[in-house]
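Asker: here are the coordinates; sequence isn't available:
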């Protein structure tokens, strides 16, 4: 559980309570803690001895009786769980527009957990999206104080606070959460991230290590991996660069091989599957990539190491791998194959040959093709071109902001894309498309849903 006090002249003692009801008549755990200047008066308590798969209410109070807002937290379920639903988000620039998607997530009773895949904050505003600038501009962060100011500014947003207050978050960083200028230190960004996000630090002796595993009973496990801080820094063989680093790579593969859950979810910052550009007009492919892939900075730049992962999944007969991805600001529904254009090894019509599926989410607010100035009439042509060049891509959408949900049962996983405008406050959101993968199939069903399957 998490809270923050306004800056204070000294450390302040706090009481905390966790209850099964919003009136706090049935208190399950309580105790004392401190709001400390050393951590910018951010407070975390790791509460134990709670029941699995339950909804709890929590609050903090001062010695003189001042109360915080009441928060809601959900514990991970045990093996009796039959179904759960995640909201998956990324790339939330407070300067770019309103966080309407966060508010819609906060209001949805069917969502228990929010998975944030990085760029929770931005180190600087995009010059194309200066829609909500503060009166006193925030400078590019170069030290711990600068990072804390950005995080504090984000929490002035009521929609973000609502999502934080009403859901349990599982979060990781990406480049904008950790980028520093020449005078800064990545350790400062990491410290602020851990202070301001309601997450545990997996290894206090190694703060850069954020990858960790969550288990949703016997139904699914979720491996949150970090390719951003580790990509290209180690070799898995002479001259062969690793995406995850050798320790994390072994950790992920061991988790996948030894897991006994029905589904294996992977939280992943940047696109793992090919986004092929070969065959596109040169003015597009050369401008956006290297003529072969549109973005060589993600897993696309490490095809041999990625194929090692695919081969491992295939050779160990690991079914039901679902990758959840952020970063691109665009929506993609993809089948995982390193042989997308080899018809003898991958069948576009049936999905046979895929080793798993990937979902790439839109941004909460950061620039997409529409924001970048691409004419609206041209965007569908670009989407169709992308699908034509990538037979393993089932669907894409390049001009809308929002999030996707993943509903998990023993029999299937169902994904739905939901979109909101960002230029003004709104209570409305629109449904994009829905997709289902049946257990054991490792590819998407060929029929997509044009109407919500839930909500």
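Answerer: On my side now, so go ahead. All figures in this text were calculated on a predicted structure; none of them were measured in a lab.
Asker: Need phi/psi at residue 107.
Answerer: phi -80, psi -20 (degrees, to the nearest 10).
Asker: just residue 79 next, same as before
Answerer: Backbone torsions of residue 79, given as degrees, to the nearest 10, read phi -70, psi -10.
Asker: what about it, distance to residue 218?
Answerer: 4 Å (C-beta to C-beta, to the nearest Å). Glycine gets a C-beta too; all of them are placed from N, C-alpha and C.
Asker: in the stretch 351-455 of the chain, which spans are helices?
Answerer: 379-389 (DSSP state H, counting those that start in this stretch).
Asker: Where does pLDDT dip in this protein?
Answerer: Within the chain, the stretches with pLDDT under 70 are 181-183, 285-287, 455.
Asker: Closest to the centroid, which residue in it?
Answerer: By C-alpha atoms, centre = their mean, the mean C-alpha position of the chain lies nearest to residue 117, the distance being 2.1 Å.
Asker: Relative to residue 330, how far out is the residue nearest to residue 399 when sequence neighbours are not counted?
Answerer: With sequence-adjacent residues excluded and distances taken as C-beta to C-beta, 6 or more residues apart in numbering, residue 399 is closest to residue 370, at 4.0 Å. Residue 370 sits 11 Å away from residue 330, going by C-beta to C-beta.
Asker: cool, and residue 417?
Answerer: For residue 417, the distance to residue 330 (C-beta to C-beta) stands at 11 Å.
Asker: Residues that sit against both of those two, list them.
Answerer: 362, 397 (C-beta atoms under 8 Å, 6 or more residues apart in numbering).
Asker: show me what contacts residue 412?
Answerer: By C-beta under 8 Å, 6+ apart, residue 412 lies in contact with 436, 437, 438, 439.
Asker: who's it bridged to?
Answerer: Counting by DSSP bridges, residue 412 forms beta bridges with residue 438.
Asker: before we move on, back to that, neighbour count for residue 79 and residue 218, which is higher?
Answerer: residue 218 (16 against 12; other C-beta atoms under 10 Å).
Asker: right, and that one touches residue 263 too?
Answerer: No - counting by C-beta atoms under 8 Å, no contact exists between residue 218 and residue 263, whose distance comes to 9.9 Å.
Asker: For residue 338, give its distance to residue 269.
Answerer: Taking C-beta to C-beta, one finds residue 338 at 20 Å from residue 269.
Asker: Same check on residue 187?
Answerer: From residue 187 over to residue 269 the distance is 19 Å, taken as C-beta to C-beta.
Asker: Would you mind telling me which of these two has more residues around it?
Answerer: Between residue 187 and residue 269, counting by other C-beta under 10 Å, residue 269 is the more crowded of the two (26 against 13).
Asker: Do I have it right that that one meets residue 117?
Answerer: Yes - contact criterion C-beta under 8 Å: residue 269 and residue 117 qualify, at 5.6 Å.
Asker: where along the stretch 51-200 of the chain do the helices fall?
Answerer: Going by DSSP H, counting those that start in this stretch, the stretch 51-200 of the chain shows helices at 100-107, 144-154, 158-166, 175-178, 186-196.
Asker: need those in TSV with distance to residue 252, can you?
Answerer: As requested, the helices of the stretch 51-200 of the chain are arranged in TSV below (distance: least, C-beta to C-beta, whole Å):
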stretch	distance to residue 252
helix 100-107	27
helix 144-154	28
helix 158-166	28
helix 175-178	20
helix 186-196	21
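Asker: Out of those, which gets nearest to residue 93?
Answerer: helix 175-178 (8.3 Å; C-beta to C-beta).
Asker: What is that closest one packed up against?
Answerer: For helix 175-178, the elements it packs on are helix 186-196, judged by 3 or more C-beta pairs under 8 Å, 6 or more residues apart in numbering; DSSP states H and E.
Asker: ok, 10 Å please
Answerer: helix 144-154, helix 186-196 (3 or more C-beta pairs under 10 Å, 6 or more residues apart in numbering; DSSP states H and E).
Asker: Give me the buried positions along the last one.
Answerer: The one in question is helix 186-196. Residues of helix 186-196 classed as buried by neighbour count (16 or more other C-beta atoms under 10 Å): 188, 189, 190, 191, 192, 193, 194, 195, 196.
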